[in-house]
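**Student:** give me a 3D structure for the following:
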Amino acid sequence: MPHLPEANITCHDTAHKKKCRDLCMNCWKWVQVSGTDPSTGHDVSDWKCSDAWLPFLLIENSQMQRQTGAAVESFRNEMTQANAQTLQALIMASNQQLLNDGGQ
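**Tutor:** From the prediction side, this is the model:
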């Protein structure tokens, strides 16, 4: 069962004419979010208006983007190193083949 909003909170979608408490059970924006607070690291499991969750979710999204960027950069560095090693091996094999062909 969702927790009800505080009695004094009004709904901005109704130009603050109605109380969220009166609308929340039929409101598609009244959602539960469970997870870890990206700012504090504490567990979160609460019901709020999705508009109220927006800053929380934007922070989480930014953190995920930074982690993804770091992973992509790490992968790129690994691939660059592997490609350099492959190129070096090909050059050595080509030079060896030239030496073998020149001696005949």
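**Student:** from here on, just use CA atoms for contacts and neighbour counts.
**Tutor:** Will do.
**Student:** give me the number of residues near residue 34?
**Tutor:** Residues near residue 34, counting by other C-alpha atoms under 10 Å, number 11.
**Student:** that one belongs to a strand?
**Tutor:** Yes - per DSSP: H, G, I helix; E, B strand; the rest coil, residue 34 lies within a strand segment.
**Student:** from residue 84, how far off is residue 93?
**Tutor:** The gap separating residue 93 from residue 84 is 14 Å, by C-alpha to C-alpha, to the nearest Å.
**Student:** correction: residue 9
**Tutor:** Counting by C-alpha to C-alpha, the separation of residue 9 from residue 84 is 61 Å.
**Student:** tell me which element residue 60 falls in.
**Tutor:** Counting by DSSP states H and E, the element that carries residue 60 is helix 50-102.
**Student:** got a pLDDT number for residue 80?
**Tutor:** As predicted, residue 80 sits at a pLDDT of 97.
**Student:** meant to ask about residue 37, not that
**Tutor:** We note a pLDDT of 81 for residue 37 in this prediction.
**Student:** what's the neighbour count on it?
**Tutor:** Around residue 37 there are 15 other residues, counting by other C-alpha under 10 Å.
**Student:** same check on residue 47?
**Tutor:** Counted with other C-alpha under 10 Å, residues neighbouring residue 47 total 19.
**Student:** from the chain's centroid, how far away is the helix or strand that it is a member of?
**Tutor:** Counting by DSSP H and E, the element that carries residue 47 is strand 43-49. In terms of C-alpha atoms, centre = their mean, to the nearest Å, the centre of strand 43-49 is set 19 Å apart from its chain centre.
**Student:** convert the C-alpha atoms of it to CSV, please.
**Tutor:** Once side chains and other backbone atoms are set aside, the C-alpha atoms of strand 43-49 remain, and they are given as CSV (Å, rounded to 0.1, in the frame of the first residue of the first chain):
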residue,chain,number,x,y,z
ASP,A,43,18.6,2.7,0.8
VAL,A,44,15.4,4.4,-0.4
SER,A,45,12.0,2.9,-0.9
ASP,A,46,9.3,5.6,-0.9
TRP,A,47,6.3,6.9,-2.7
LYS,A,48,6.3,10.4,-4.2
CYS,A,49,5.0,12.3,-7.2
